[in-house]
Each structure stands twice: as structure tokens, then as C-alpha cells.
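Engineer: This is the structure alone, sequence omitted:
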């Protein structure tokens, strides 16, 4: 196996349902309901999904939601801004832990 | 971008396009999808639109063009054939003449077709690339269209320059906006105006169009806010995997994925509503086709119906069996696709 990730595996996602079909069915129903247009538009949900895909660094999700965002009428500028939101939260999450570092350093220091 | 034919590209040949499209690659044949929906063989339900392609000459050479149109193309409808179009149209009650190309306005017989069809009381639609309205030779074109109350169906793939120019060529967006302002100034696209101005969105790449109402709302908001441009409706169209778009798909490594996407997204509701069922397509040389796409890949009307204007038989053509192929998945994917936009929910 040359890589842990294979593009073709995305289309095989449903195979995960083979050993637990009821759970897979429930996941599918819930997933479908989550992405149905509601208080947020389908495009807003797709852009959130794209941002989260980058935050969790899932190549399958990045593939799927890049395509989905384009098919929801978003352009690369909007999609890039969504990725920056993910990056900002990730970066901010690291940085805010610096307060914990400072607390600990203060406690340990004279 | 240059035409496939000027590059002597193998895909300039309809036979080569069909050869690629007919390679199985695990894709269900379109006729089987139709059969599973109870629609095989597909038949016409009448003729509401006489869609005349007057030739391949165009002042643009867009990357996705299914006609392989461009400034170097010479195929153009003669006066004799244009007169035959009007003669046959007059012999029917078909309510709409849709004129397409290339840039149909560049054909010297375009204004003859418009004038005569209007004289017959038919609704006329011009499938316009917008920039043609700014050519020095076409300075009076917009006024001509307005005077004859021709509906304009104009291509504009996105409300930003970057995406529009990526598909249609440098500075096309700016010129398109200038042309839209010219049309708005004549009353086109204004609320309650009888001068209808509709836009056509098609994806700038290997993906399906968005939901029509959602993207129409975006276009309306952004074109008015950024450019003060108004229009009536926006129609979404799927890119057909033929000609220059097929070339793009193959060169970019997207062909297999795109075809699978179209097949997976087959929608029986869209299949039942495909526009070939109520359209007759006429080529620049008078040949008859079920649609403009079949025309470009060399699949004329068949199954016993006449395939040339000179043999026009309205009754036979109204109920003809339609010629289909793997490219037809382009019109049946998702919400469907036609010259009038989405055909299903």
C-alpha cells in the first residue's frame, strides 16, 4: 500500500455500513437531515463543512466539499475565506493555550 | 482559446467524440436508464421550439463551447436555407423560433429570420453572447432586437470577472456588463418590461450547476449591487461532455469522474422533461436534429422521420423517436438542464 489515503475510497464510503447496517442507516438519515436547507442555506452549510474539513484535515471531506461548494454556487474566494476561518480558529486555539502556559510558568516561577 | 478544428485536434471529429463517449468504463448505457424510468424509446411530445443554429462563426472562443465555435469557423446558413426555415415555420403552429450559433447575430440572414418570424407572429429568442452587441459592425443590433421584441437569452457564467473570463476569455465580463447596461437602457430586463432579458449560468469547470433559484438570487443581488444591472430570470445549464468541454475534461483528468457524476445524478423527472421532446433543431445546412448537442456530434433525426428541412413533415416530426446517447446524461442530471434552465426539482 503506497499511501493510507486513496481517492477511490471516497466512493466506497458506504462499505463502512456492511458490518453495522443499522448504525450506518441512522448516520445517513441524520447526515442528510443536517445538510438540508433550514435556518442556514445549503450553501452556508457546505461552506461550514468545507471549513471543518480543513480543521479536521480530512482529505475525503475536502474533496467532497470543495466540489459541493462549487455546486452550491460558491466561488474560490468564498471558499478560501471559509478555510481562513478554520485556520484562524485552529491558530487561535493554540495561542489561547498560551494563557495556560503563562499561568503554569507563573506558578512555577519565583 | 482556439477552436479544436483550427488545431486539427482529433476531438474536432464527431466520430471521435462518440467513440470516447461510447467506451463503457462501467457506465450504465443511457437507454437502460431511460428504460428503467419507463421512457425508452424516448419520443417527442410535439414541437414548441424551432431552434435554428445559423452557424459556427463567433467573436468568442469559450473553453466549454459545445459547438467548437470561433472566429475562424466558416459554416454559416445561406439565404436559401434561411428562406426554407421561414417557409417551414409558416406551415406550422410552432410558437417559438430560437436562433443560436456561434454568435447568430453575425450571420447576414439573422435579421431576415427575426423580421420574418415576427411577421408570422412567432416569439423569437436570440441566444446571445452579449459581447457581440458591442462590435462596431453591430452598433444597431440592440435597437433592432428591442424593436422586434426579441427575447434575449444571454450567457453569463458568474457575477465576477475572474470566473467569467476563465471560461469565456479575457475582458469578456467587463464587456458583458457594458452590453447588459446597454440592454437595460433600452428597457430589457426591467421589471414588467415586455423586453425579456434572461441570463444563462453554466459551471466554470467539471461540476454540476447549483440550485437555480438560489444562484438566481445571488446574481440578482450582486449584479444590481456591483453594476446596477437587472434581468428577468437566470437559467442554469449543465456542461455537456462533448466538443471543447470534453477536451477540457480529458486534459484535466476529470472525464471519468464527471461522467460518473452525471450517471449517478440521473433524475427520471428531468429525463421525462428533456427539451428535445418539444424542440426541433435545425443545422446551418438545413439538416434536422433532436437537439443542438446531437447536431454537434453528428446525430441527425432518425427512426423514419425526415432529417432535412426540404423533406419537412410536421406530423412525423412532432411524434418522432429521439436519438439518444451517453451525452444525454448531461440533460438528465440533478435538476435537469435545458436552454430554459432546470427542468425538475
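Structural biologist: Noted; the coordinates are in hand. If you're wondering where the values come from, they're calculated on a predicted model, not measured in any experiment. Numbers count the residues shown, from 1 in each chain, chains lettered A, B, ... in the order given.
Engineer: the helices in chain B, which residues?
Structural biologist: Assigned by DSSP state H, the helices in chain B fall at B:14-21, B:30-36, B:79-90, B:110-119, B:141-147, B:161-168, B:172-185, B:212-227, B:243-251, B:255-264, B:268-272, B:292-296, B:314-318, B:329-332.
Engineer: Next, count neighbours for whichever residue of chain A sits closest to chain B.
Structural biologist: Closest residue of chain A to chain B, CB to the nearest CB: residue A:73 (3.6 Å). Where you see a C-beta, it was placed from the backbone N, CA and C, and this is true even at glycine. Neighbourhood size, residue A:73 [other CB atoms under 10 Å in any protein chain shown]: 26.
Engineer: give the contact list for it.
Structural biologist: For residue A:73, the contacting residues are A:43, B:210-211, B:214-215, B:218, by CB atoms under 8 Å, 6 or more residues apart in numbering or on different chains.
Engineer: Around chain B, pick out the residues from chain A.
Structural biologist: A:41-43, A:67, A:70-73, A:75, A:77 (CB under 8 Å from any CB of the partner chain).
Engineer: For those, could you give me TSV that also reports pLDDT?
Structural biologist: Formatted as TSV, the residues of chain A next to chain B follow (pLDDT from 0 to 100):
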residue	pLDDT
A:41	95
A:42	94
A:43	96
A:67	97
A:70	97
A:71	97
A:72	97
A:73	96
A:75	95
A:77	95
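Engineer: Can you say which of those are buried?
Structural biologist: Taking 16 or more other CB atoms under 10 Å in any protein chain shown as the criterion, what is buried in the residues of chain A next to chain B is A:42-43, A:67, A:70-73, A:75.
Engineer: mind giving me CSV with the residues you listed and columns for secondary structure?
Structural biologist: Converted to CSV, these look like this (DSSP: H, G, I helix; E, B strand; the rest coil):
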residue, secondary structure
A:42, helix
A:43, helix
A:67, helix
A:70, helix
A:71, helix
A:72, coil
A:73, coil
A:75, coil
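Engineer: Report the buried residues of stretch B:163-170.
Structural biologist: B:163-169.
Engineer: neighbouring contacts of that stretch?
Structural biologist: Stretch B:163-170 has contacts (CB under 8 Å, 6+ apart) with A:75, B:1, B:60-64, B:129, B:155-158, B:171-173, B:176, B:202, B:204.
Engineer: Please list the residues of chain B that sit near chain A.
Structural biologist: So chain B meets chain A at B:158, B:160, B:162-163, B:203, B:205, B:207-211, B:214-215, B:218 (CB under 8 Å from any CB).
Engineer: Among those residues, which pair sits farthest apart?
Structural biologist: Every pair in these was compared (CB to CB); the two farthest apart turn out to be B:162 and B:211, at 22.2 Å.
Engineer: Who has more neighbours out of those two?
Structural biologist: Neighbour tally, residue B:162 and residue B:211, criterion other CB under 10 Å: the higher count belongs to residue B:211, 20 against 12.
Engineer: picking up where we left off before, and of the helices of chain B, who's closest to residue B:47?
Structural biologist: So among the helices of chain B, helix B:314-318 is nearest, using CB to CB, at 5.6 Å.
Engineer: coming back round to it: deepest-packed of the helices of chain B, please.
Structural biologist: helix B:329-332 (a mean of 26; mean count of other CB atoms under 10 Å in any protein chain shown).
Engineer: Against which helices or strands is that helix packed?
Structural biologist: helix B:30-36, helix B:255-264, helix B:268-272 (3 or more CB pairs under 8 Å, 6 or more residues apart in numbering or on different chains; DSSP states H and E).
Engineer: how far does the first one sit from the chain's center?
Structural biologist: Translated: helix B:30-36. 24 Å (CA atoms, centre = their mean, to the nearest Å).
Engineer: can you list contacts of it?
Structural biologist: For helix B:30-36, using CB under 8 Å, 6+ apart, the contacting residues are B:40-42, B:263, B:266, B:268, B:271, B:324-326, B:328-329, B:332.
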